[in-house]
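Chemist: model the following, please.
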Amino acid sequence: MDEAGQRGDRGAAAGELLRSALARPLEGWREVYESFSPVDLQTGERRGRVPPPGADSRRAAVLVPVLLEPEGARLVFTVRKGDLQDHAGQISFPGGSMDPADTSLRETALREAEEEIDLSRDLVEVVGELEEMYIPPSNFRVSPFVGLLPPEAEMVLAPDEVEEIFTVSVEELLAPKTFRKVLWRRDGRDYEVPVFAVEESRREIWGATAAMTAALLIRLGWEGYRA
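Modeler: Numbers count the residues shown, from 1 in each chain. Okay, the predicted model is just below:
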């Protein structure tokens with residue numbers, strides 16, 4: 001097989017691996033999710049990922065788009081506009097609140113991806129669902145759906161919702177140097193924050209988006225979060 005053929009196999013192989021990996025639940029997923037919450041270094045506390053008893057949380061869904069390029073798989077992220085009501089300016093996957101017209105949370109994820117990055121649902125092969133994520137600041141219970149995209153998939157941001165679209169190779173996310181715990185200072189308090197520090201785009205992926213990313217990577221054999 002020539003070099004081009006070998007590169008082409010990497011995208012197909014990544015798709016097959018993801019289909020298999022998402023066919024079963026992730027053991028210890030709650031501990032994984034909570035391990036990505038920032039730690040208040042003064043109190044040692046971190047926000048939980050379980051809704052408080054009796055909480056009237058809102059339902060939402062995101063699409064975790066995986067672009068299967070010839071060189072391998074890449075995750076698609078967005079940077080949210082800084083003036084949005086929820087999670088302004090943060091790195092995210094396309095998604096949002098469930099509308100009354102949505103027939104399912106899967107439908108919500110696909111609709112939001114169409115609205116935010118102009119991704120045609122006809123190009124998306126939904127291969128599984130990650131575990132539900134509770135986000136305390138916005139009181140959302142988010143269902144993440146993983147969708148495989150062909151190399152020719154085109155995405156265009158909606159300027160009223162999205163500031164930027166960028167992709168990161170799964171290979172870089174799995175690299176030991178990418179996962180770090182950094183010190184952030186917010187409102188006069190110090191926090192230890194687990195992040196995926198992406199050198200190519202000079203971005204730090206953290207919080208709920210990082211936790212969902214980790215839940216996908218762990219299914220591919222990643223153990224860096226234990227460091």
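Chemist: poorly predicted segments of this structure, please.
Modeler: 1-8, 82-89, 201, 227 (pLDDT under 70).
Chemist: repeat that for 50
Modeler: Scanning the chain for pLDDT under 50 picks out the ranges 1-7, 87-88.
Chemist: can you show me the helices along the protein?
Modeler: 3-21, 29-35, 105-117, 170-174, 207-218 (DSSP state H).
Chemist: residue 37 is in contact with residue 30, correct?
Modeler: No - counting by CB atoms under 8 Å, residue 30 does not reach residue 37; the two are 11.4 Å apart. Where you see a C-beta, it was placed from the backbone N, CA and C, and this is true even at glycine.
Chemist: of the two, who's got more company?
Modeler: residue 37 (21 against 13; other CB atoms under 10 Å).
Chemist: so what's the more buried one up against?
Modeler: The neighbours of residue 37, taking CB atoms under 8 Å, 6 or more residues apart in numbering as the test, are 46, 47, 48, 49, 207, 211.
Chemist: could you dump those into a markdown table and include distance to residue 13 and neighbour count?
Modeler: Shown next, in a markdown table, are the contacts of residue 37 (distance: CB to CB, whole Å; neighbours: other CB atoms under 10 Å):
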| residue | distance to residue 13 | neighbour count |
| --- | --- | --- |
| 46 | 36 | 15 |
| 47 | 37 | 14 |
| 48 | 37 | 13 |
| 49 | 32 | 23 |
| 207 | 30 | 22 |
| 211 | 26 | 25 |
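Chemist: got JSON lines for those, with distance to residue 55 too?
Modeler: Conversion of these to JSON lines gives the following (distance: CB to CB, whole Å):
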{"residue": "46", "distance to residue 55": "18"}
{"residue": "47", "distance to residue 55": "13"}
{"residue": "48", "distance to residue 55": "11"}
{"residue": "49", "distance to residue 55": "13"}
{"residue": "207", "distance to residue 55": "19"}
{"residue": "211", "distance to residue 55": "19"}
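Chemist: dump the helices of the chain to a markdown table, plus distance to residue 163.
Modeler: What follows is these, written out as a markdown table (distance: least, CB to CB, whole Å):
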| stretch | distance to residue 163 |
| --- | --- |
| helix 3-21 | 28 |
| helix 29-35 | 26 |
| helix 105-117 | 11 |
| helix 170-174 | 21 |
| helix 207-218 | 15 |
